[in-house]
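K.L.:
quick one, what's the 3D model for this:
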Amino acid sequence: MNTSNLPWHLLQSFAAISEAGSLSRAAVTLGSSQPTLSRHLTQLEEHLGSRLFFRTPSGLTLTPEGAAVQAHADAMAQAAAHLSFVGAQTQELSGTVRVTASQVAATYLLPPMLVSLRQNHPALSLELVASDDTDNLLRREADLAVRMYRPIQNDLIAKKVADLPLGIYASRDYLARHGMPEGPQDLAGHTVIGYDRSTLIIDGMRQMGMVVDRSFFAFRSDDQVVCWRMVQAGMGIGFGQHSIAANDPNLVALWPQMTIGSLPVWLTAHQELRMSPRVRASFDHLAACFATL
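P.N.:
Reported below is the predicted structural model:
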């Protein structure tokens, strides 16, 4: 059986018939007519010199020769899909991509990533929303979300793109005024920056063997950007991501060998991202950028 130089339109009809199991159902799928598909099947069988389907009371089933043609048709379909994707990637991407992320990610992590995305695709318009509300994807209020937890909604695609280690930091100015604590047990004698209503830091310190309540923090705010800015300003000792602190030479890592955990980063989008070249390109770009942190 010679499968070289097979006309693609005949293979398309063959694949539709194989999947549908009958000429009539395949005609509905392709928006064609049953006589046209029957003619295509006859032409393909004559071209190959082989019978491709058994006619049974329940419909059409592949012969061994038909199964071989099916594998060939699948390979050609995959190649065509790949070429279509490459073609879309090489075209100039335009339109709007709306990204939502936590305030910390939106302020400190995403700006250089979005700059390089815009440089690669200058026709894109970008929107950035600082929010932890996962539902904005389901409500179609954003195309992509950067989350520090794994979304559980079934309608979303979620990919873990990084683990960002956490550390304990203070500014050089603060340490010059108050001295370097020898260990975590000395934190009680210092100004510690923490959250107000959120218990994330309290829970983390408990895992370190330190049981505290909100009164332990001399400065409190549930806005993570505010807390980090206060660390930078010299208010006291606080908690933050290594990848962010590394960009500030005025900050000192306290006990850098101590492991206090990390933040997982999940890149999330609606399942329809596969149908949007601009969203898919943005998703892949951000995933690659986070992988370098």
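
K.L.:
show me where this structure has its strands.
P.N.:
53-56, 59-62, 95-101, 124-130, 144-147, 156-171, 193-194, 219-220, 238-241, 251-254, 262-270 (DSSP state E).

K.L.:
okay, now the sheet partners of the first one, with direction.
P.N.:
Sheet partners assigned to strand 53-56 using DSSP bridges are listed as strand 59-62 (antiparallel).

K.L.:
likewise for the fourth one?
P.N.:
Sheet pairing here is set by DSSP bridges, and for strand 124-130 it gives strand 95-101 (parallel).

K.L.:
and the closest residue to Thr107 other than its chain neighbours, how many neighbours?
P.N.:
Nearest non-adjacent residue to Thr107, counting by CB to CB, 6 or more residues apart in numbering: Val225, 5.3 Å away. For glycine as for every other residue, the C-beta is placed from the backbone atoms N, C-alpha and C. By other CB atoms under 10 Å, 15 other residues sit near Val225.

K.L.:
how close does Val225 get to Leu124?
P.N.:
In this view, Val225 and Leu124 are 26 Å apart by CB to CB, to the nearest Å.

K.L.:
just the pLDDT for Phe85.
P.N.:
pLDDT for Phe85: 50.

K.L.:
Leu254 now?
P.N.:
96.

K.L.:
isn't Glu45 right next to Arg51, touching?
P.N.:
Yes. With contact defined as CB atoms under 8 Å, Glu45 and Arg51 form a contacting pair (6.1 Å).

K.L.:
more crowded one of these two?
P.N.:
Ranked by neighbour count (other CB under 10 Å), Glu45 and Arg51 place Glu45 first, with 19 against 12.

K.L.:
and for His190, the neighbour number?
P.N.:
A total of 18 residues lie near His190 under the criterion other CB under 10 Å.

K.L.:
now Val265: how far from Pro35?
P.N.:
For Val265, the distance to Pro35 - CB to CB - is 56 Å.

K.L.:
which of these two has more residues huddled nearby?
P.N.:
Val265 (25 against 10).

K.L.:
report the beta-bridge partner residues of the nearest residue to Ala142 once chain neighbours are set aside.
P.N.:
Distance criterion CB to CB, 6+ apart; nearest residue to Ala142, sequence neighbours excluded, is Thr100 at 4.1 Å. Taking DSSP bridges as the rule, Thr100 bridges to Val129, Ala145.

K.L.:
and the helices in this structure, which stretches?
P.N.:
Applying DSSP state H to the chain gives helices spanning 8-20, 23-30, 34-48, 64-90, 103-104, 110-120, 135-138, 172-178, 200-207, 224-233, 242-245, 277-291.

K.L.:
now the ones you listed as JSON lines including distance to Leu251?
P.N.:
Shown next, in JSON lines, are those (distance: least, CB to CB, whole Å):
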{"stretch": "helix 8-20", "distance to Leu251": "60"}
{"stretch": "helix 23-30", "distance to Leu251": "61"}
{"stretch": "helix 34-48", "distance to Leu251": "69"}
{"stretch": "helix 64-90", "distance to Leu251": "40"}
{"stretch": "helix 103-104", "distance to Leu251": "15"}
{"stretch": "helix 110-120", "distance to Leu251": "18"}
{"stretch": "helix 135-138", "distance to Leu251": "32"}
{"stretch": "helix 172-178", "distance to Leu251": "8"}
{"stretch": "helix 200-207", "distance to Leu251": "18"}
{"stretch": "helix 224-233", "distance to Leu251": "7"}
{"stretch": "helix 242-245", "distance to Leu251": "5"}
{"stretch": "helix 277-291", "distance to Leu251": "22"}
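
K.L.:
lowest mean pLDDT across these, which one is that?
P.N.:
Among the helices of the chain, helix 135-138 scores lowest, at a mean of 54.

K.L.:
and Thr96, which of the helices of the chain is closest to it?
P.N.:
Nearest of these to Thr96, taken as CB to CB: helix 277-291 at 8.1 Å.

K.L.:
tell me the buried residues in that closest one?
P.N.:
Within helix 277-291, the residues that count as buried by 16 or more other CB atoms under 10 Å are Pro277, Arg278, Val279, Arg280, Ala281, Ser282, Phe283, His285, Leu286, Cys289, Phe290.
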